[in-house]
Structure formats: structure tokens, C-alpha cells
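**Q** this is the structure alone, sequence omitted:
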């Protein structure tokens with residue numbers, strides 16, 4: 001009996017992920033207003049009625065995507081900061097992992113595009129705005145702290161740490177948005193190019 005319950009939960013989780021993945025592409029490319037719940041259902045290969053068993057509205061899906069994006073991004077940033085590595089090594093790991101993620105995961109570019117659009121938009125649910133306001137600065141703050149540590153040990157260039165963190169984060173975001181726009185034609189640049197901006 002427990003096995004059946006586990007299998008049912010696994011199937012539900014997989015279906016939920018499928019809905020989120022398809023909705024992500026639609027929201028990132030069409031926007032919240034132009035995306036209909038029926039569009040999401042069709043893209044996910046299910047009836048609209050079945051989709052409503054998982055989410056009550058397209059706005060709920062949108063908020064879940066924003067929450068999920070920041071949870072992943074900020075957890076990764078904070079884990080990076082805790083690694084037992086030098087600041088230089090942390091930046092190298094971050095660049096290599098982020099570029100690998102862009103190459104390997106189709107959704108990564110769309111997540112960055114969705115966050116950029118949502119951050120600039122007034123026409124999103126209040127809950128999404130609250131998440132963005134609360135979570136948006138975490139990667140910048142983490143990178144600023146890592147850069148300051150690297151400047152203390154002489155491994156990172158002596159420009160304003162917040163400016164370098166801004167360049168780091170926006171460079172990655174820009175590449176991610178480029179990936180979303182160009183799909184399979186995207187090729188990540190050599191990680192050393194980005195490393196040389198900071199070292």
C-alpha cells in the first residue's frame with residue numbers, strides 16, 4: 001500500500017514539474033497576460049480540467065515559478081559561499097557551473113528571462129512582487145562578500161566590490177537570456193573570458 005502511495009506521489013510530482021516547465025516557456029516568451037490556462041494545458045499534454053487538479057490559476061503557476069527560481073538561485077549562491085574554497089576558486093566554480101547549466105538545462109535561460117521580465121513588470125501578482133523584492137538581491141550580496149574576501153587576499157581586482165558583483169551577475173543573466181532567445185544555437189563562451197574580468 002505504501003509503495004502505491006509513493007508511486008502516486010511520484011507521478012503527481014512529475015506531472016507538476018511538467019506543468020511548470022511548459023508554463024515557464026510560455027510565460028517567458030508570451031508574458032503572463034497573453035498566456036492562457038488552456039495554452040499551458042495543451043503544452044503540458046493534458047486537459048484543462050486535469051491541470052486544475054494541480055493549480056487553481058495561471059497566476060498560481062506564475063508565482064510558483066518565481067518562487068522556485070529564486071529558491072534554486074539563492075540556495076546555490078549561499079552554498080557557493082559556504083564551500084571550503086578560496087574566493088578565486090569560488091568564482092571559478094560559479095562561472096563554470098553556471099555556464100554548464102546553460103549548456104545542459106533548457107529551462108535555465110527561460111528562468112532568467114522570466115525573472116528579468118517579472119522584475120521589470122507591474123502587471124504580475126502581488127505575491128510574485130513580494131518574492132522578487134525579498135529575494136532579488138541575494139546573489140549580488142553573496143558575490144559582493146566573496147569578491148571582498150578575494151580583494152583582501154589579493155586574488156581579485158580592486159574595483160568596487162558591488163560593481164564587480166553587478167558585472168558578474170548581469171553577465172550570467174545576459175548569457176542566460178541569450179540562451180533563451182537562441183536555444184540550441186547557443187554556445188557558452190570560454191569560462192576564462194569571464195574569469196579575466198575579475199582576476
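**A** Yep, it's here. Keep in mind that this is a model prediction, so the values were computed, not measured.
**Q** quick one: which helix or strand includes the closest residue to residue 180 other than its chain neighbours?
**A** Counting by Cβ to Cβ, 6 or more residues apart in numbering, residue 180 lies nearest to residue 109, which is 3.5 Å off, once chain neighbours are set aside. Using the backbone N, CA and C atoms, a C-beta is placed for each residue, glycine as well. Using DSSP states H and E, residue 109 sits in helix 106-120.
**Q** contacts for the next helix or strand after that helix?
**A** As assigned by DSSP H and E, the chain's next helix or strand after helix 106-120 is helix 126-135. Contacts with helix 126-135, where a contact means Cβ atoms under 8 Å, 6 or more residues apart in numbering, come from 62, 63, 66, 67, 70, 74, 115, 118, 119.
**Q** could I get those in TSV, plus columns for neighbour count, distance to residue 80 and pLDDT?
**A** Shown next, in TSV, are the contacts of helix 126-135 (neighbours: other Cβ atoms under 10 Å; distance: Cβ to Cβ, whole Å; pLDDT from 0 to 100):
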residue	neighbour count	distance to residue 80	pLDDT
62	22	27	98
63	21	26	98
66	25	21	98
67	14	20	97
70	19	15	97
74	18	11	97
115	22	18	96
118	25	24	96
119	14	22	95
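**Q** point out where this protein drops to low pLDDT.
**A** Low-confidence segments of the chain (pLDDT under 70): 1-3.
**Q** hey, which helix is longest across it?
**A** Longest helix of the chain, by residue count under DSSP state H: helix 2-30.
**Q** and the furthest pair within the contacts of helix 126-135?
**A** Spatial extent of the contacts of helix 126-135 (Cβ to Cβ) is set by the pair 62 and 74 at 18.6 Å.
**Q** tell me which residues in stretch 162-176 are buried?
**A** Residues of stretch 162-176 classed as buried by neighbour count (16 or more other Cβ atoms under 10 Å): 164, 165, 167, 168, 169, 171, 172, 173, 175, 176.
**Q** list just the nearest of those to residue 20.
**A** Closest approach between the buried residues of stretch 162-176 and residue 20, by Cβ to Cβ: residue 176, at 17.5 Å.
**Q** three-state assignment of that closest one?
**A** helix (DSSP: H, G, I helix; E, B strand; the rest coil).
**Q** looking at it, it is touching residue 106, isn't it?
**A** No: Residue 176 lies out of contact with residue 106 (Cβ atoms under 8 Å); the separation is 11.6 Å.
**Q** all good on my end, thank you.
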